[in-house]
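**Student:** okay, here's the prediction I keep looking at, along with the sequence it came from:
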Amino acid sequence: MLVNEIFYSLQGEGRWIGLRNVFVRLSGCNLRCSFCDTKYAYEDGVKRSVDEVVEKVSGFSCKKVCLTGGEPLLQTESVELVRALRQKGFLVLVETNGSCDVSEVVGDDGVVISLDVKCPSSGMHEKMVFENIALLSEKDQLKMVIGSRADYDYAKEIIKRFSPSAPVFLQPVWGFNVRELAEWIVKDDLEVRLGLQLHKLVWGQKRGV
């Protein structure tokens, strides 16, 4: 598989926010979101076997692993990697952009799916596999990145249409008015969580953190 980077830090998003994670970022992505902050993972990477990745991850004193990208599910070995990590006792968070079938990685109590649903300002909202939403359970999470009022209204429609079992995070595009998004959520009594990118608040817009 093609690996862009492996590093140890704090989880900056979602239900694992603030917890120590080993991050395995795989290379390659089939989307080109307008606000993408990991364009460096589109192509660059080093070929590693599943065993090599597991060995590298095992060198950190942490049992939580975040498999991210790019889009990790584009690589067929990613499912094998998730299973290999689980066999070693790791808990695995799989961050996926919502355009790939997640059926092969759901169902394990030790695997959390973080599923994006892209909103209109991303330019990629027509690429989503909405059938994925029904596969999520309460242990997973659904994330929508908000960059405008139109995005927020779109997110509300997605929630109403699909009634996800997983908790929903609305996360502002970096630089978007967080207070404005918070006020919309409160005004509408929307049963979601406001998501922030903790790693950027702590370290700024750097890679490897």
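**Tutor:** Nice, thanks for sending it over. In this text the structure is predicted, and so the values were computed from the model without any measurement. Numbering: from 1, shown residues only.
**Student:** which residues does the closest residue in space to residue 56 that isn't next to it in sequence contact?
**Tutor:** Spatial nearest neighbour of residue 56, chain neighbours left out: residue 6 (5.3 Å); criterion: Cβ to Cβ, 6 or more residues apart in numbering. For glycine as for every other residue, the C-beta is placed from the backbone atoms N, C-alpha and C. Residues in contact with residue 6, defined by Cβ atoms under 8 Å, 6 or more residues apart in numbering, are 22, 23, 24, 25, 53, 56, 57.
**Student:** which one of those residues sits closest to residue 123?
**Tutor:** Residue 123 has its nearest neighbour among the contacts of residue 6 in residue 25, at 22.2 Å by Cβ to Cβ.
**Student:** ok, the closest one - contacts?
**Tutor:** Neighbouring residues of residue 25 by Cβ under 8 Å, 6+ apart: 3, 4, 5, 6, 38, 41, 68, 69, 70.
**Student:** list buried members of these by neighbour count.
**Tutor:** Buried members of these, counted by 16 or more other Cβ atoms under 10 Å: 3, 4, 5, 6, 41, 68, 69, 70.
**Student:** and the closest residue to residue 16 other than its chain neighbours, bridged to which residues?
**Tutor:** Distance criterion Cβ to Cβ, 6+ apart; nearest residue to residue 16, sequence neighbours excluded, is residue 93 at 6.0 Å. Beta-bridge pairing for residue 93 (DSSP bridges): residue 66, residue 112.
**Student:** was I right to think residue 93 contacts residue 66?
**Tutor:** Yes. Between residue 93 and residue 66 there is a contact under Cβ atoms under 8 Å: 4.6 Å.
**Student:** where do the contact lists of those two overlap?
**Tutor:** Common neighbours of residue 93 and residue 66 (Cβ under 8 Å, 6+ apart) are 11, 16, 21.
**Student:** which one of those residues has the most neighbours?
**Tutor:** Tallying neighbours with other Cβ atoms under 10 Å puts residue 21 at the head of those, with 22 neighbours.
**Student:** tell me if it really is in a helix.
**Tutor:** No. Per DSSP: H, G, I helix; E, B strand; the rest coil, residue 21 lies outside any helix segment and is strand.
**Student:** which residue of the chain lies farthest from its centroid?
**Tutor:** Distance from the centre of the chain peaks at residue 187, with 26.9 Å (Cα atoms, centre = their mean).
**Student:** for that residue, phi and psi?
**Tutor:** phi -60, psi -40 (degrees, to the nearest 10).
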